[in-house]
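In: only the shape, not the letters, is given here:
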């Protein structure tokens with residue numbers, strides 16, 4: 001009785017396009033956050049200023065890992 005269950009079949013081209021997009025977004029976010037952490041670590045003596053970047057990096061790693069293993073789709 002799977003009345004409300006969606007079909008899980010998806011076109012391979014769409015899946016590959018989504019994976020490519022996720023990879024590009026992941027790379028862009030990692031570069032921006034890494035540059036920000038490096039600049040802040042040299043400009044500011046305290047480490048509290050980089051917690052947001054570290055949180056963004058961790059969250060992005062979790063989302064990217066989830067989309068790569070295919071178990072769920074957090075982004076839609």
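Out: Cool, the structure landed. Computed from a prediction, not measured in an experiment: that's the story for all the values here. Numbering: from 1, shown residues only.
In: give the buried residues for stretch 56-71.
Out: 56, 57, 60, 63, 64, 67 (16 or more other C-beta atoms under 10 Å). All C-beta atoms are positioned from the backbone trio N, CA, C, and that covers glycine.
In: just the ones in strands from the residues you listed, please.
Out: With strands taken from DSSP state E, there is no overlap with those.
In: now those residues in CSV, with distance to residue 14 and pLDDT?
Out: Formatted as CSV, the buried residues of stretch 56-71 follow (distance: C-beta to C-beta, whole Å; pLDDT from 0 to 100):
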residue, distance to residue 14, pLDDT
56, 27, 85
57, 28, 84
60, 22, 81
63, 19, 78
64, 18, 72
67, 13, 68
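In: can you tell me which of the residues you listed is nearest residue 11?
Out: Distance to residue 11, by C-beta to C-beta, is smallest for residue 67 among the buried residues of stretch 56-71, at 16.5 Å.
In: where does the chain dip in pLDDT?
Out: For the chain, the stretches flagged by pLDDT under 70 are 1-2, 5-7, 47-48, 67-68, 70-76.
In: biggest helix in it, by residue count?
Out: helix 12-43 (DSSP state H).
In: now the residue most central in space within the chain, nearest residue through space, not along the chain?
Out: The centre of the chain sits closest to residue 60, judged by C-alpha atoms, centre = their mean, with a distance of 3.2 Å. Of all residues not flanking residue 60 in the chain, residue 29 sits nearest, at 5.1 Å (C-beta to C-beta, 6 or more residues apart in numbering).
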